[in-house]
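K.L.:
This is a predicted model, with the sequence first.
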Amino acid sequence: MNKKQNSKQKIQKLAENDARPERAIQPTELLNDTLRRIFGCELADATQKQVYRALCISVRELLTEKNRVFGNRCTEKERKEVYYMSMEFLVGTSLRNNLFNLGLEAEFRKALADAGFDIDEIYAIDPDAGLGNGGLGRLASCYMDAATGMDYPMTGFSIRYEFGIFKQKIVDGWQMEFPDNWLEMGDVWLQAREDDAVEVKFGGEVREWMDNDRFKVAQVGYSSVMAVPYDMYISGYDSDAANRLVLWSAKLPQSFDMAAFSRGDYVRALERNAMAETISKVLYPADDHIQGKRLRLKQQYLLVSASLQSILKKHYKKYRTYTNLPEKVAIHINDTHPALCVPELMRLLIDEHDFGWDEAWDITCRTLSYTNHTVMSEALERWNVDLFREQLPRVYSICQEINRRLIEHLCAVYPNDWGKINYMAVIANNEVRMANLCLAACHKVNGVSKLHTDILRNGIFRDYCQITPERFLNVTNGIAYRRWLCQSDPLLTDYLKQLIGGDFLRDARALEKLLPYQNDEKVLADLMAIKRKNKERLAALIENQNGVRVDPDSIFDIQIKRLHEYKRQLLNILHVLYLYRQIKANPHGDFMPRTFIFAAKASAGYIRAKQIISLIVAASKLINNDPDVNDKLKVVFLEDYKVSLAEIIIPAADISEQISIAGKEASGTGNMKLMINGAVTIGTLDGANVEIHEQVGDENIFLFGMKAHEVEELWQRGYHPTEFITPELQAVLDMLTSGVLGQRFDDLVDSLLTNRFGTADPYMTLADFQDYARAQRDVAAVYQDKQRFARMSLINIAKAGIFSSDRAVKEYADEIWNLD
Ligand code: GL4
C-alpha cells in the first residue's frame, strides 16, 4: 500500500472489498492521523478532549465506510430494508459500545495507555444521547444494535432534539429540570447532510382542481420547514453491517420570507426563523402520557413526512417504480407517535406520485406495521380535529376519507352496532385517534409481552382483532445484552467466559451453560464475590453523590425506572417506612440489613409523581440520619437517572423491584437487564415478569399481589382501599401526615384514601401492600442463606438469554417485516 496514504484513505480502500476494515486498524497510527487532520497535533501533545474527539471521529469514519460497503451490497442484492420510525431513541453513550462491537476495545485501551491516557476517563467524556424518555426509546436503540449485529439493513428515523431528556436535580426535596445540552460534545457522532434536506409543509389549505380530466389535490398557502438529516452510525457486534440512525433537524428554508427582509422587517423574519427551528428543539418529557400540543404534532409530522419522502426517493432511484414498495421496504411505526405515516404515505403516493386511492391504500397497508407499547388510556394519542386540520389540512382530508371508507366497511361487519363502530372510528367526537389509524391500515400489529398482547386482543383492540385476528401477534421485548451485561459488567462477563466459554457473546441462550453449576459452591461463591465488587463500586458512587455510606453486605434492593403511579414506587417507599417502624419498635431484633435504592425521573408537569420523589427523599433523610436503624436500613435516591447511570446500578443489584399493578406495565425491560445481571425479581405477574417467571420457576422469583384478572374483578366488585388498612399500615400513613418526615404528604394519603382526586387508590397500592410485605419477608429470609440466594441469582442469569434483543428482532424480521 502506498506509504503516503493516511489511515482514513487506507480504510476506504480496504472497505471496497472487505466488510471488516476494522481488522486492519493500527490504533496509534489512526489516532495520530485523525489528530493531525482535525487538531494539527499528535497523541504526544493532545489534550484529553482532543483525544476523545479524534477517537470518536476515527470510529465514525470507520462506521461510515462499513455502512457504505454494506449499503452497496444490500443494493446489489436488492435486499428488503426496514425503516424504524420512532420519536425516541435512547442511545446512551456510543464510544464504548462501538469499540466493543468492532472488537477494538482492548487495542485502543492499550494504545491510549501507552500514550498516557486512561480510556475510562475518555469514556466518561462521552455524553448520553438522551433522545428518549424510558423503556420505549431504549427499546428502539436496543433493536438498532441487534439488527445491525445480525446484518439486517435497518435505518432508524427520529428527531435531532437539541435538548434531550432533561437533567434532574433534587432541590430542597423537589425535582427540578435543567436543559440537557448533549450536542456540546455529542455532535461528534453526527454527520450532517445539508444537501439531502427535505421540505415539510404546514398549514395552508387544500385545493382541488381538474387537470386534463384528472382530479388533482394539493396543499396551498402553506409554510415550509426544511428537515435536515444528521446521520448517527450504529455498529453491531462482530458484524459486516453498519446501519444509520437518521435524525431530522428543523430549519427554515433559505428563501423564506425574503419580503420581510426587504421591507426592513429584519426582526420579524428572524423570529419566524426561530419559530420553525423550535420544532426540533426539545424532547417532550412525558412517558406513557400525552399532551395534545401543537408543537408535538409538528414534531411528529416533521419526522414522518421527511422520512417517508427520503424513503420513497431512495426506493425510486433503485427500482424506478413504487408498486413494489411492500416487497422491498418495511416501515415500522413505534407506538402511535409516528402514526401519521398512514395518511402521509397515502398523500405522497396519491398527490405526488399519481396513484389512485385503492392502489395507494394497498401499498400503504402492506408496507406499514405497528407496535403498541401501552394500554394506559392517558397515553392513547388523540388529536383535536381543529388543531389537526389547521396544521395538516391535506393529511386531515385523507384521514377523513380513510375514516369514511372504514365506517362503510364496519357497517357491513357490525350492522347497527353504533357503539362499536364509534369506538373503532379514526375520527370521532371531534378527535383523530392515532391507534385506530394504525389499526385500520397496518398489516401487522403487535404487543410487547404475552400478557400485554392478550390484553390487546381481548381488551382494548378486541373489535379489530375479531375481524382480522391474523394481523395480531406478540413479540416479547428484548435487550441489547452486550451493552447491559458484557459492557456494563466486565467482571461477570470475564468470569462467565472462563467458566462456560464465550459462546454467549454470540448467542445469549448459551448462558444456560451456567445451569450445571447451580450447586457448585465455588462458582456460587465467585458469583457473590463479583456481585460484592459491583456493590462496592455503586456504594462509592452513592457516597460521592449523596454523601451516604451504604453497606455492600446489605441487600441492594433496586427500583429504577420512570416515576409513574402505576409502577408503584409509592408501594415500595411505604413498605420501607413500615420496616423502619419495625426496627424502631425492636431495635435489637434480628434484621437482615437492607439498602433500598431508587432512581427515577418524573415528567415535568406530573405533580403526583414529583410528590412521590419528595417522599422518597424525605424518608431517606429521616432513616439515614436515625442512629437506631443505621446499620440496618438505608434509603437512597440517585439523581438524574439515565442510561449511563443504569449501567453502574444494574450490576450491583440483588433485588429487582417490578411491582406495577398487574395489567398496566406493557412489558418492562429493566426487569430483563437486572435479571441478566443476576438480580432476583420481586414482582407482580405483570408484563414480561410473567415470562421471567416462566423461565425461572416459582423457586427463583418473589411473586406477590393480585393477578391482572383479579385486579379487574376487584374493580367490578368495588374497591374500598380502607378495607385493606391494618393498624401497622395506618401508622405508616400517619407518618406521612404527621410531619415527622420534615414535611407533610397529605395529598399522597388523600390520593390513597379519598376520591377527591377521582378514584381512591387507582393503582391499588393498599390492596397489594400486605402481600408485598410478605414477599419482602421472604426475600430477607432467603438472603440469610447466602448459597441459596446465590443459586437463585445464577439461575436468573442462566435463563435470561431469551430476553436478548437478537431474539426479538429476529421475530420482527421473520413475522412482521419479512426480511431475508
Ligand atoms: C413502554 C412501556 O411502559 C414499557 O412497559 C415497555 O417495556 C416499553 C417498551 O415496549 O414501552 N410504553 C411506553 S409509552 N413507555 C414505555 O416504556
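P.N.:
Great, that's in hand. Numbering: from 1, shown residues only.
K.L.:
Could you report the separation of the residue of the stretch 1-150 of the chain found nearest the ligand from Ile333?
P.N.:
The nearest approach of the stretch 1-150 of the chain to the ligand comes at Gly135, 2.7 Å away (Cβ to the nearest ligand atom). Just so you know, the C-beta spots here come from the backbone N, C-alpha and C atoms, and that holds for glycine as well. Separation of Gly135 from Ile333 (Cβ to Cβ, to the nearest Å) stands at 17 Å.
K.L.:
Likewise for Ile682?
P.N.:
In terms of Cβ to Cβ, Ile682 sits 34 Å off from Ile333.
K.L.:
Now do the helix or strand that contains Leu674: which elements does it pack against?
P.N.:
Secondary structure from DSSP states H and E places Leu674 in helix 670-676. If contacts are counted by 3 or more Cβ pairs under 8 Å, 6 or more residues apart in numbering; DSSP states H and E, helix 670-676 sits against strand 655-658, strand 680-683, helix 689-696, helix 786-798.
K.L.:
Dump the ones you listed to JSON lines, plus mean neighbour count, mean pLDDT and distance to the ligand.
P.N.:
Below are the helices and strands packed on helix 670-676 laid out as JSON lines (neighbours: other Cβ atoms under 10 Å; pLDDT from 0 to 100; distance: least, Cβ to the nearest ligand atom, whole Å):
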{"stretch": "strand 655-658", "mean neighbour count": "28", "mean pLDDT": "99", "distance to the ligand": "10"}
{"stretch": "strand 680-683", "mean neighbour count": "26", "mean pLDDT": "99", "distance to the ligand": "13"}
{"stretch": "helix 689-696", "mean neighbour count": "20", "mean pLDDT": "98", "distance to the ligand": "10"}
{"stretch": "helix 786-798", "mean neighbour count": "20", "mean pLDDT": "98", "distance to the ligand": "18"}
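K.L.:
any chance of those in JSON lines, plus distance to Asp354?
P.N.:
As requested, these are arranged in JSON lines below (distance: least, Cβ to Cβ, whole Å):
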{"stretch": "strand 655-658", "distance to Asp354": "52"}
{"stretch": "strand 680-683", "distance to Asp354": "54"}
{"stretch": "helix 689-696", "distance to Asp354": "48"}
{"stretch": "helix 786-798", "distance to Asp354": "57"}
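K.L.:
Out of the ones you listed, which gets nearest to Ala441?
P.N.:
Among these, the nearest to Ala441 by Cβ to Cβ is helix 689-696 (29.3 Å).
K.L.:
hey, C-alpha coordinates of that closest one in CSV?
P.N.:
Only the C-alpha atoms of helix 689-696 are listed here, as CSV (Å, rounded to 0.1, in the frame of the first residue of the first chain):
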residue,chain,number,x,y,z
ASN,A,689,-42.5,-10.6,34.6
VAL,A,690,-44.9,-13.3,33.6
GLU,A,691,-42.3,-14.7,31.1
ILE,A,692,-39.4,-14.2,33.6
HIS,A,693,-41.4,-16.4,36.0
GLU,A,694,-41.9,-19.0,33.2
GLN,A,695,-38.2,-19.1,32.7
VAL,A,696,-37.0,-19.3,36.3
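K.L.:
Next, the angle from that helix to helix 786-798.
P.N.:
If you take axes from the mean of the first three to the mean of the last three Cα atoms, to 10 degrees, helix 689-696 sits at 110 degrees to helix 786-798.
K.L.:
Residues touching helix 689-696, excluding its own?
P.N.:
Residues from elsewhere that reach helix 689-696, judged by Cβ atoms under 8 Å, 6 or more residues apart in numbering: 449-451, 476, 658, 665, 668, 671-672, 675, 681, 683, 685, 701, 703, 792, 795-796, 799-800, 802-803.
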